[in-house]
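dropping the sequence and predicted coords here.
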Amino acid sequence: MQYFVHKDSIVRQIWGTSDTILLVFAGASAEFALNKAVDWLYFTGKLPKDPLGRLFSTVNYARVIVFSEETSAIKAIDTMNDIHGAVEKNRGQKIPEWAYKDVLFMLIDYSIRSHELLQQPLSIEEKQEVLNVFNRVGQHMGIKNLPLSYSEFQITRKKHLEENLDNGNLTKDLYRQYRKHLGFVRYRLLLESQILLLPESVREMLNLRKTSLLTPMISIYKLFRSIKLDWMIKEILLPSAYKQDIKRMNIT
C-alpha cells in the first residue's frame, strides 16, 4: 500500500503527537485571526460561531492527509477543494491564491517550530521533508509557484507575513470569540503558547510580550511526558468537548 507520506517521514512523527499538534493549533489560531483574508472564514458564519471547531477541522484535514494512503489523501484534498469551491460560488468571488499559500506556510512553519520546542531541533533535510509534504498538498490543490527549497520558503514566508497580515476589527472579534469559547484560564494558556511559538513579527502585531510565562514549564512538562503523566495536565487544561479528539491525535 502506498501512503501519501512515507512511514518513516519526520512529518508523521510531528503530526502523530497531540502536544505538537496543539501548538500548531495555537500558532494557526493567531494567523487565521490576523490574515487579511479572514473575511472568507467569516462569510459562512462558522468561524465566529465555533472558532475551535473550525480550527480543529483544518488541523484534522492535515492529519488525515499525513496518515492516509495515497488515494484517500488525494480524495481528502479534493473534498477540501469542493468545499472551497462552494464557498466561492456562494460569494461570487475567488479565494486569493496567496490565502491558500498562507495556510500551507503556517502548517509548515508551526510543524517545525512546535516539534523543535517540545522535542528536538530538526536538520535542514528534515525541514525540507516537511516542506515537500505540504508542497504536494498544495500542488494537488492547484496552487502554483510554491517555494521548492527550505531556504526559498523562509524568504517567501517572511514576505507573506509582511504583506498578508493585519490586526483589524475581525482579528479583535475572533480573539473575543477565542476567549468566550475557551474561558479565561485556557484563553491565557493560548496566548502564552502563542508567545512561545509565533514569529517575532506576528507576536508584535498582536501586541504580545517577548517572554512566555510557560517557558520555565516546558522542561517540567517534558519530564511529566517522559513518565507518562502528561495526560494529567491535559485533563485539567483542555476543553472537555475536544478531549477525545485530542487523544486520537496520538498515533506515534
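Yep, it's here.

pLDDT below threshold where in the protein?
221, 223-252 (pLDDT under 70).

one more pass at 50, please.
Scanning the chain for pLDDT under 50 picks out nothing.

what are the contacting residues of stretch 31-41?
Stretch 31-41 is contacted from outside by 47, 54-55, 87, 91, 95-96, 98-99, 102, 106, 164-168, 170-171, 174-175, 178, 202, 205-206, using C-beta atoms under 8 Å, 6 or more residues apart in numbering. Bear in mind the C-beta positions are built from the backbone N, C-alpha and C, glycine included.

please check those residues and keep the buried ones.
Applying 16 or more other C-beta atoms under 10 Å to the contacts of stretch 31-41, the neighbour count classes 47, 54-55, 87, 98-99, 102, 106, 164-165, 170-171, 174-175, 178, 202, 205-206 as buried.

in helices, which of the contacts of stretch 31-41 fall?
The helices, defined by DSSP state H, take in 47, 54-55, 87, 91, 98-99, 102, 106, 164, 170-171, 174-175, 178, 202, 205 from the contacts of stretch 31-41.

can you give me the offset of stretch 113-129 from its chain's centre?
Mean C-alpha position of stretch 113-129 versus that of the full chain (C-alpha atoms, centre = their mean, to the nearest Å) differs by 15 Å.

can you check stretch 160-172 too?
How far stretch 160-172 lies from its chain's middle: 17 Å, per C-alpha atoms, centre = their mean.

now the end-to-end length of it.
Criterion C-alpha to C-alpha, to the nearest Å; first-to-last residue distance in stretch 160-172 is 21 Å.

list phi and psi for Glu69.
phi -70, psi 160 (degrees, to the nearest 10).

the residue lying closest to Ile143 once chain neighbours are set aside and Ser219: what is the separation?
In space, and not counting its chain neighbours, Ile143 is closest to Tyr100: 5.2 Å by C-beta to C-beta, 6 or more residues apart in numbering. Using C-beta to C-beta, to the nearest Å, we find Tyr100 at a distance of 37 Å from Ser219.

more neighbours: the two, which one.
Tyr100 (18 against 9; other C-beta atoms under 10 Å).

please report the distance of the more buried one from His160.
Counting by C-beta to C-beta, the gap from Tyr100 to His160 is 11 Å.

for stretch 92-101, which outside residues touch it?
Residues outside stretch 92-101 that contact it (C-beta under 8 Å, 6+ apart): 35-37, 40, 84, 87-88, 138, 141, 143-144, 146, 160, 163-164.

quick one: which of these sit in helices?
Members of the contacts of stretch 92-101 lying in helices (criterion: DSSP H): 40, 84, 87-88, 138, 160, 163-164.

only the buried residues of stretch 150-169, if you could.
For stretch 150-169, burial by neighbour count (16+ other C-beta under 10 Å) applies to 150, 153, 157, 160-161, 164-165.

which strand residues bridge Tyr3?
Tyr3 has the following beta-bridge partners by DSSP bridges: Glu69.

state the distance from it to Ile21.
Using C-beta to C-beta, Tyr3 is found at 19 Å from Ile21.

more neighbours, those two?
Neighbour count, other C-beta under 10 Å: between Tyr3 and Ile21, Ile21 has more, with 23 against 15.
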